[in-house]
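**Student:** Sequence and predicted structure are below.
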Amino acid sequence: MDCVSPILDVTTRLWYCTAKRAVYIRHLPQNLNSLRTAMEELKNLYKDVKEWCTHVVDGWLRNVEAIEEQVKEILAKGDEEIQKKCLGTCCTKNCGASYKLGKMVLEKMDAVTVKKTEGSNFSVVAEPLPGPPVIERPLDKTVGQDLLFGKVWKWLQDGGEQVSSIGLYGMGGVGKTTLLTRINNELLKTKVEFEAVIWVTVSRPANVEKVQQVLFNKLEIGKVKWEDRSKDERAEEIFNVLKTKKFVLLLDDIWERLDLSKVGIPPLNHQDKLKMVFTTRSKDVCQDMEVTESIEVNCLPWEDAFALFQTKVGANTINFHPDIPKLAEMVAKECYGLPLALITIGPTKTPEEWEKKIQMLKNYPAKFPGMENRLFSRLAFRYDSLPDEAIKSCFLYCSLFPEDYEISHRKLIQLWIGEGFLDEYDNIQEARNQGEEVIKSLQLACLLENGRSQLDKKDKYSKMHDVIRDMALWLALKNGKKNKFVVKNGVESIREVEKWKETQRISLWNTNIEELREPPYFPNMETFLASCEFILSFPNRFFTNMPIIRVLDLSNNYKLMKLPVEIGNLVTLQYLNLSDTKIKYLPVELKNLKKLRCLILNDMYFLKSLPSQMVSSLSSLQLFSMYSMKQQVFMGYDERRLLEELEQLEHIDDISIDLASVASIQIVLNSHKLQRSTRRLQLLCEHMNLVQLFPYIETLCIRTCFELQEVKINFEKEVVVYSKFPRHQCLNHLCDVEIFDCHNLLNLTWLICAPSLQFLKVEFCKSMEKVIDDEMSEEIEIAVDHLGVFLRLTSLALVRLPELRSIHGRALSFPSLRYIHVYQCPSLRKLPFDSNTGVSKKLEEIHGKQEWWDGLEWEDQPIMHNLTPYFQPV
C-alpha cells in the first residue's frame, strides 16, 4: 500500500493536468497578470466614478471595493501556487488547487470586466459631491460702491423676482471687477440660497472652450465624461449638472456676446434662481447679452475718491508734513475719480515730491511712473477693439478739446466731415447720421460720456473723462511721431512753436499767439483749432506755411475783427468755421478755396457783407451755415444774392440760414435744390401773414412775424393745405420748432404732420388759443391716428401765452416726454393726461408756478397723484 499511494498521487495530478482543465493550470501565470491589469484599470475607473454621488453609483462602488479585496486574495494565492511547481515547469505540486485557483481567476476576470463596463456606461449622473459653493476671492476694502452693491444684491435675492441677468458696464479701471468680487464674497458670507457660485474670467476673445474648461474644473465633472469629447458633448455635461442647481454665474471682463447655450448654461430663470452677473466695458454687450438689468459703474465722487486715495497712500504718508494733505488732494483731483488711476499713484514723502507729481500729472501724465504700463495700456484695450481706423481717428480727435469740455455733436461731426473721416458717405445727411452712430458707439464703449445737455434743447453734447483724454493723447503720441497732437489751454504765450514742425493737429484754447514774430512753419499740419477770447488779430503771414491743412476752426474768437488775406491760399482747406467772431469783411481771396466742403458763419452779427460770387466759387461746398443761435438778426448781407449763389452750387446738401423777407422765402420755394438742402431755417419777417414750409426741413424757428396767421406746406412748388396731406407728404424730418412773437397765430395744428417732432417751444404769442385744434384735425382723423401726435416729443415749453386754453382736446400718451415747462399761461387749466394714457416713463420734470399747478383741473385723481412728484415750482 505504501508504494500505491505515490502512484495514485501522480495519477491524480496528471488527470488534473489533462484536457481543457490543463488550460486553467498552464495559463495561470498569464491569467494572473491579466487579472492584475484589469483590476488596476477598474481601480482607476473607481476613482473617477467616486466623484459622483447617486444610489446607483454607491452600490457599484461597494461592489468594486469587495471585488478588489477578493482579487487581492486570489493574486496572493496565485503567486504562492506558482512557486510550488513540480515536474519542471509543467505541473504544480497540487494540480487540483491550481485548477480551482485558475478557474477563480477567469471567473473574477469576468466580474471585473462587468464592473468596468458598468462604470463606463453611467450616462447621466445627478451631481458631483458637494464642494464649497463659493470660493472667496482676494479683495481690499471697497470705497463708494455701497449703492450699486445694494441694488445688485437686492436683485440677486428675492427682491429681484423678475431679474435673472445683470450687466455691469463702465470704462476700464472704474471698479467693475471689484464690485463683482464683493458680490462673490458676500454670497459666501451670507450663504444665500444658491448651490453654486461660479466665477469665470472671460476676457477676449469670448472662447466657448475656455469657459467650458473653467466650468469643468469648478463643477468637478468626471474626466471620463470630458476627455476626448466634442464641444457640444461637453456642453451637454455642463447642462446636465447645472440644470438641477440653483446657481449664480459671475462672468468678469466680457468684450463681446458669449453664447451661453453653446457653453452649456441652462436658460436663466429668476424663479428657479438661475442667475448671472457680468462685467463689461461696453453697454453694447449688455444689449447683445439681452440682460434683464444693466447698471453703469461710474467714477467715484470726490469724497469717496479721496478716501480711496488716502487708503492706498497711507495715513503715515499723509500726515508726514502739514502741507501734504492739501497737496494730496490736488493729486487725487487729477485722477478724476477713476479708481485705477488713484491706486496707480504711489506714496510720496516730501512736499516737494508731491508738487512735482502735480506738475507731471497736469502737463505730462503719460510720463508719470506707472501711468503707461498700469493705467493707459489697460484702458487702451477698449480703443484697440474699435472696429475700424475711422472710428479710432474719431475717438482720438475728441482729445483736441480741453479737459471737461462739453463737445457739441453737431460741431464734432462737422469737423469729422472736414477731416475726411466720414468720406465713404455720399452726402452730408448720411455722414451726419453715421457720425451720430460713431458717437453712440464710443459712448457705449465708455470712451465718451454724455454731456449735460439741457432738457429743453435739441443740441446734444458729449465729453471725455480726463484720464481717457490723457490716454488718447498718449495713443496719438505712441502711434505717431512726437507732438503729433499739440493741445494748449490757458497758456499766456507760446515759445515752442518751432518744435511743432512735425505736428499733425494743433488745438489752442485761450492761448496768446500774437507775440509770434516769425510766421510758423507747419508742413505736416492738417488741423488748426484756435478758440481764444483775447485774439484781436493773427500775426503777419501766420497762415502762410500750412501746405496740407484741411480744417481751420477760428470760432468763438469774440474779439477777432479781421481775417488774414493769406487764408485764401490754403487751397487744401475743406472746413472753415468763423462763427462768433467780430469779423466785418471776408477777404475775396476765399474764392480760391475750391476744395472747401464746410463753411460755417453762425452768429457773425458784425459781418457787413459777403464778397460777390465768393460762395458760388466754392465748387466743392456741401455744407453752408449762416444761422443765428442767439435770437439776433443778420443785417449785413444780401439774402437774395446769397440764395442765388447757393442755388448754383452742384454739391450743396446742407443749408442753415436766416431769412427776413417774403421775397427771399419765395426764392427758396421756387428752387427744388434749395428746398431739399435747407435743414435749419429761421424766419424773421414782420409783415408776412403766410408761411409755406417744405418737407425736408429739420429745425424751424419763426420769430417776430407779427402778422403771421397761417402755416402751409409746400411740395415741389405746389401749396397744399395740411388737411389734405397724404401720409408720405408730411414733415417727416422736422424735429425742432420754436415760435416767438407771432401775435396773430391761433394754433399750430399743422404739427400733426410732424411725427418726428422732439422739441416744441412757443413763447409770447398773444392770440394763441390751442396748440392742436381738434376741430381742424377732425378732417384728418385717420392720418392723425396713423402717424400719432407728439409720440417723439421730448420737451414742451409754453411761455407767456395768455389765451392758451388747450394743448390737445384729448389725452395723449407722450411716450418720449421728458420735460414740460409752462409759464404765464393763466388760461391753461388742463393738461392732456389721464389714467388711461398714463405717464411717460421718461418724464423727469414739470416746471411752472405753484398757483398754476394748484388750479389745474384733472380727468381723475390718480393721474394728478402720478404727475405731482415731477412738478418743480419756479
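**Tutor:** Thanks, I have it. Residues are numbered from 1 along each chain as shown.
**Student:** from here on, contacts and neighbour counts on C-alpha atoms
**Tutor:** Fine.
**Student:** so the residue lying closest to residue 225 once chain neighbours are set aside is in which element?
**Tutor:** Leaving aside its chain neighbours, residue 225 sits nearest to residue 237 (7.3 Å; criterion: C-alpha to C-alpha, 6 or more residues apart in numbering). For residue 237, the element it lies in under DSSP states H and E is helix 231-242.
**Student:** buried sites along that helix?
**Tutor:** For helix 231-242, the neighbour count (16 or more other C-alpha atoms under 10 Å) marks 234, 235, 236, 237, 238, 239, 240, 241, 242 as buried.
**Student:** show me the residues around residue 402 that make contact.
**Tutor:** 487, 489, 509 (C-alpha atoms under 8 Å, 6 or more residues apart in numbering).
**Student:** related to what we said a few turns ago, in the very next helix or strand once past the helix holding residue 237, what counts as buried?
**Tutor:** As assigned by DSSP H and E, the chain's next helix or strand after helix 231-242 is strand 247-254. Buried residues in strand 247-254, counted by 16+ other C-alpha under 10 Å: 247, 248, 249, 250, 251, 252, 253, 254.
**Student:** now the second one: how far from residue 793?
**Tutor:** In this view, residue 248 and residue 793 are 41 Å apart by C-alpha to C-alpha, to the nearest Å.
**Student:** Give the buried residues for stretch 659-671.
**Tutor:** For stretch 659-671, a neighbour-count test (16+ other C-alpha under 10 Å) marks 659, 660, 661, 662, 664, 665, 667, 668, 669, 671 as buried.
**Student:** List the contacts of that stretch.
**Tutor:** Everything outside stretch 659-671 that qualifies as a contact, by C-alpha under 8 Å, 6+ apart, is 639-640, 643, 647, 674-675, 681-685, 688, 692, 694, 714, 716-717.
**Student:** where do the helices sit along the stretch 451-600 of the chain?
**Tutor:** Here the stretch 451-600 of the chain has its helices, by DSSP state H, counting those that start in this stretch, at 466-479.
**Student:** just the strands in it please.
**Tutor:** Using DSSP state E, counting those that start in this stretch, the strands of the stretch 451-600 of the chain run over 461-463, 485-489, 505-509, 527-531, 551-553, 575-577, 598-600.
**Student:** I'd like the buried residues of helix 231-242 laid out as JSON lines, including distance to residue 427 and pLDDT.
**Tutor:** Compiled in JSON lines, those are given as follows (distance: C-alpha to C-alpha, whole Å; pLDDT from 0 to 100):
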{"residue": "234", "distance to residue 427": "52", "pLDDT": "89"}
{"residue": "235", "distance to residue 427": "49", "pLDDT": "89"}
{"residue": "236", "distance to residue 427": "52", "pLDDT": "89"}
{"residue": "237", "distance to residue 427": "54", "pLDDT": "87"}
{"residue": "238", "distance to residue 427": "52", "pLDDT": "88"}
{"residue": "239", "distance to residue 427": "51", "pLDDT": "89"}
{"residue": "240", "distance to residue 427": "55", "pLDDT": "86"}
{"residue": "241", "distance to residue 427": "56", "pLDDT": "85"}
{"residue": "242", "distance to residue 427": "54", "pLDDT": "86"}
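**Student:** could you list every residue that touches residue 518?
**Tutor:** residue 542.
**Student:** Name the nearest residue to the spatially most central residue of the chain, ignoring sequence neighbours.
**Tutor:** Nearest to the geometric centre of the chain sits residue 444, at 1.3 Å (C-alpha atoms, centre = their mean). Excluding the flanking residues, the one nearest residue 444 by C-alpha to C-alpha, 6+ apart is residue 283, at 4.7 Å.
**Student:** ok, now which ones touch the residue nearest to the centre of the chain?
**Tutor:** Here residue 444 is in contact with 282, 283, 284 (C-alpha under 8 Å, 6+ apart).
**Student:** and the residues you listed, which of them are in helices?
**Tutor:** 283, 284 (DSSP state H).
**Student:** who wins for neighbours among the contacts of residue 444?
**Tutor:** Ranked by neighbour count (other C-alpha atoms under 10 Å), the contacts of residue 444 have residue 282 at the top, with 26 neighbours.
**Student:** What values do phi and psi take at that one?
**Tutor:** When read as degrees, to the nearest 10, the backbone of residue 282 gives phi -130, psi 130.
**Student:** Please go through the protein and pick out the longest helix.
**Tutor:** Ranked by residue count under DSSP H, the longest helix found in the chain is helix 55-82.
**Student:** tell me the mean pLDDT over it?
**Tutor:** Mean pLDDT, helix 55-82: 76.
**Student:** what about the residue nearest to residue 444, distance to residue 168?
**Tutor:** 8 Å.
**Student:** Mutual contacts of those two, please.
**Tutor:** Any residue near both residue 283 and residue 168 by C-alpha under 8 Å, 6+ apart counts here, and that gives residue 294.
**Student:** That's all I had, so thanks and see you.
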